[in-house]
Each structure stands twice: as structure tokens, then as C-alpha cells.
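S.K.: next one to model:
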Amino acid sequence: MFLGSHSPRLDDKGRLTLPAKFREELEGGLVITKGQERCLYVFPLAEFSRISESLRTAPVTAKALRDYSRVFFASASDEVPDRQGRVTIPPALRDYAGLTRDCIVNGANTRAEIWDAVRWEQYLAESEDRFSDLSEEVLPGVI
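M.R.: Below you'll find the predicted structure:
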């Protein structure tokens, strides 16, 4: 499970140092792909395989599934962290997420998300007020 928020920086070669507490789960490899709201999703290989299997068994006749799968898989990049826990983020994914230097890596349960620091702050400012209202819709009766 990925938890917490971290503030690594992108280096000049487009590498990002993964948070220390995420490294063990990601050391065997990971997949980075486009996420919603212009962030990047980082999945451990096993979780990416689980999602891939779910999408593979869904009906190909569903246009929304085809559209989503095309973007999801075409933008995916499999990576293996180096000894310092760094991964290279491909230029197309850096452009999509607007990553320049300062980044935020957030835990999001079964995945991590990589955000441009300014975009994350904007998203948080817009979303935090709705957070309490969303709990009833997303987690009715759970919390």
C-alpha cells in the first residue's frame, strides 16, 4: 500500500528518486503511465498485470474501453529503479504531466502518483473543500 506525500526533484536527465518507503515494493519493476488530472500513475508490475488482465477480459466492443486502453497502454513505460531508487520518466510522460523540476509523489493505495508540484497544490486547493462531501458518495457508511 502506498501512503503519504513526498517532494522529490527531477534531475537534468529526467530521473526521479522514488520515496524510500515505496522502493521495496517497486524494486522489481514498475509501470509509469498517464493518469487522470494530468498526473502519472506508477504501478508495481503485479498491480499493472492485474489491471491489464481486467481490461483484456472486458468486451472489445465497448468503445470507451478501447479508447481508454489505447491511451493507457500506449503511454505506459516499464522501468526498473537503479541502485539509488531513481527511475527515468520518458519525455512524453513528463510533458503530459507538466513535470519540470519540483514534483510531488503521493501514495494512492495500490499505486503512486507523480504530480508537478504547482499542479498538485492547485488540485489540492480546488479539491480539499469537497473532500468531506465526497466521503458520503465514495464511502457511504464506511467512515
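S.K.: state the helix or strand in which the residue nearest the centre of the chain lies.
M.R.: By CA atoms, centre = their mean, the chain has its centre lying nearest to Tyr41, at 1.6 Å. Per DSSP states H and E, Tyr41 falls inside strand 40-44.
S.K.: for that strand, packing partners?
M.R.: In terms of contacts (3 or more CB pairs under 8 Å, 6 or more residues apart in numbering; DSSP states H and E), strand 40-44 is packed against helix 20-26, strand 30-34, helix 91-97, strand 111-116. In this view, the C-beta of every residue, glycine as well, is placed from N, C-alpha and C.
S.K.: which residues in this protein form strands?
M.R.: 5-6, 15-17, 30-34, 40-44, 77-79, 86-88, 103-108, 111-116 (DSSP state E).
S.K.: compare the ones you listed and report which one is nearest to Pro59.
M.R.: Nearest to Pro59 among these is strand 30-34; the distance by CB to CB comes to 21.9 Å.
S.K.: count of neighbours near Arg119?
M.R.: For Arg119, the neighbour count with other CB atoms under 10 Å is 17.
S.K.: spatially nearest residue to it, not counting backbone neighbours?
M.R.: Gly98 (5.9 Å; CB to CB, 6 or more residues apart in numbering).
S.K.: surely that neighbour meets Arg38?
M.R.: Yes. The pair Gly98 / Arg38 is scored as a contact, 6.3 Å apart, by CB atoms under 8 Å.
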